[in-house]
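**Q** what would the 3D arrangement of this be:
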Amino acid sequence: MSENLPAPAPDFTPAPQGGGGGAAATAASAAGAVVAAVGYGIQFTAMVAKLASAGLALRGVGARVRETYRYIGDCAKSVDHLADLAANLRPAVDADTVGEHRDAAKVMRASLARAQRMANTVDEMSVMFDQAKAAHEGDYGAVNDVATSMTVPMANRNFYRNR
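**A** Coordinates of the predicted model:
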């Protein structure tokens with residue numbers, strides 16, 4: 001039955017600003033607003049820094065993976081060459097040994113292909129972190145500037161929530 005009840009009305013009341021009036025209450029209220037604005041600014045700056053750091057950390061990973069796995073590609077070519085040599089020897093090396101070499105080279109190439117896909121994904125993630133940082137700054141940068149430079153107490157943050 002309770003699932004059919006209407007949702008409670010949103011709370012648009014400003015945050016309490018102290019228990020009494022006078023200069024002391026006004027000073028405490030102003031100090032609270034400064035602390036709230038500074039806290040918001042710190043959160044915004046920390047989020048932007050984390051997004052930038054994640055993008056930077058991933059930026060070179062794809063290239064390092066490609067460089068590391070290039071060696072595996074060279075190994076696959078060498079093993080294929082050895083299989084060709086073994087198959088052309090007279091008397092020829094048995095077909096199972098040649099087949100094992102070809103299978104090993106095939107596994108190496110598959111590993112190389114997976115590494116390439118992983119490197120591409122890491123590169124894409126790096127770009128996405130950079131885009132997320134730019135979007136966050138675009139969406140909330142102006143809000144952060146206003147919030148951190150306000151001279152009046154900030155309203156209760158529930159007032160600003162999307163409902």
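**Q** distance from the chain centre to the longest helix that the chain contains, please.
**A** If you go by DSSP state H, the chain has its longest helix at helix 95-149. The chain centre lies 11 Å from the centre of helix 95-149; the measure is C-alpha atoms, centre = their mean, to the nearest Å.
**Q** what is it packed up against?
**A** helix 22-59, helix 61-88 (3 or more C-beta pairs under 8 Å, 6 or more residues apart in numbering; DSSP states H and E). All C-beta atoms are positioned from the backbone trio N, CA, C, and that covers glycine.
**Q** could you tell me the least trusted of those helices?
**A** In terms of mean pLDDT, the lowest-scoring of the helices and strands packed on helix 95-149 is helix 22-59 (a mean of 69).
**Q** quick check: end-to-end length of stretch 144-159?
**A** Chord length of stretch 144-159, first to last residue, is 16 Å (C-alpha to C-alpha, to the nearest Å).
**Q** in that stretch, which residues are buried?
**A** 144, 147-148, 153-154 (16 or more other C-beta atoms under 10 Å).
**Q** what separates residue 83 from residue 107, distance-wise?
**A** 13 Å (C-beta to C-beta, to the nearest Å).
**Q** neighbour-wise, which of the two wins?
**A** Taking other C-beta atoms under 10 Å, residue 83 and residue 107 do not tie; residue 83 has more neighbours (20 against 13).
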